[in-house]
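A.B. asks: here is the input, now give the coordinates:
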Amino acid sequence: MSTLKAEIDAYNAEKAKRMPAEVLATMARATEDLLASGVEGRALRQGDRLPEFELPDQHGRLRRVHDYLREAPLVINVYRGGWCPYCNLEMKALQAVLPQIESLGARLIGLAPETPEHAGETATRHAIEIDILSDSGNRVAQLLGLVFELPEELRAIYARNGIDIPAFNGDDSFRLPVPATYIVDQAGMIAYAFVNADYTQRLEPAGILDQLAAMSR
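C.D. replies: Residues are numbered from 1 along each chain as shown. Presented below is the predicted three-dimensional model:
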């Protein structure tokens, strides 16, 4: 079975062939600047309490995080949006291990700033069978310490590639979350956190399964 890293490596190789070198260099500099900003250090970590929140899912139904936690521990996948190829690869990989996540007694949900309509499109496009919560204005991502402003030079690159972030998010901002994966126990405490300001780096689904298995012992 192919790993998520292998899928990302293959995408990166293809991207390197089709994108101009100066564009790739601009993207790399933006990632380095974000890493240097200290955003990872501001994010919630293992041992922190997950903030209470209520958000609509892709069907427009309001969902309260404590209602999920009453039923099971949570795996929360925070992603940038359905326009992001790395997020799409990650979501498909998570869907593939959804039966194992559930067999370990946990619940998987997604969280992104895109509108419920776009979240629904993301779920439909990849046959994702989980709730995706629409974090309008990145309000919850801000509480998690994950929010950053997309640099001007990247906005122009994204626009040339047909990516209209304000349209996806339903506002006029260019604020996005750093992708992250949180595993939260039923007491609302973060048992595991993966946060990486390099958006091309994602937690391997096998790592989630290992953490859940350790929690259930």
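A.B. asks: so what does the helix or strand bottoming out on mean pLDDT in the chain touch, helix or strand wise?
C.D. replies: Among the helices and strands of the chain, helix 116-125 carries the lowest confidence by mean pLDDT, DSSP states H and E, at a mean of 92. With contacts taken as 3 or more CB pairs under 8 Å, 6 or more residues apart in numbering; DSSP states H and E, helix 116-125 sits against helix 85-96, strand 107-112, strand 131-134. The C-beta positions use only the backbone N, C-alpha and C, and glycine is treated the same way.
A.B. asks: how about the helices in the chain?
C.D. replies: Along the chain, the segments classed as helices by DSSP state H run 4-18, 21-36, 39-42, 65-71, 85-96, 98-103, 116-125, 139-144, 152-160, 165-169, 205-215.
A.B. asks: and these as CSV, adding mean neighbour count?
C.D. replies: Listed next are the helices of the chain as CSV, based on neighbours: other CB atoms under 10 Å:
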stretch, mean neighbour count
helix 4-18, 13
helix 21-36, 14
helix 39-42, 15
helix 65-71, 14
helix 85-96, 19
helix 98-103, 15
helix 116-125, 18
helix 139-144, 19
helix 152-160, 14
helix 165-169, 19
helix 205-215, 17
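A.B. asks: picking up where we left off before, how distant is the least confident helix or strand of the chain from the center of its chain?
C.D. replies: Taking CA atoms, centre = their mean, to the nearest Å, one finds the center of helix 116-125 at 14 Å from the center of the full chain.
A.B. asks: what does that helix rub up against?
C.D. replies: For helix 116-125, the surrounding residues in contact (CB atoms under 8 Å, 6 or more residues apart in numbering) are 56-60, 81-82, 88, 91, 110, 112, 114, 128-130, 132-134, 168.
A.B. asks: what of stretch 195-204?
C.D. replies: 3-5, 8, 12, 31, 34-35, 37, 39-40, 43, 45, 80, 84, 86, 89-90, 146, 148, 178-181, 194.
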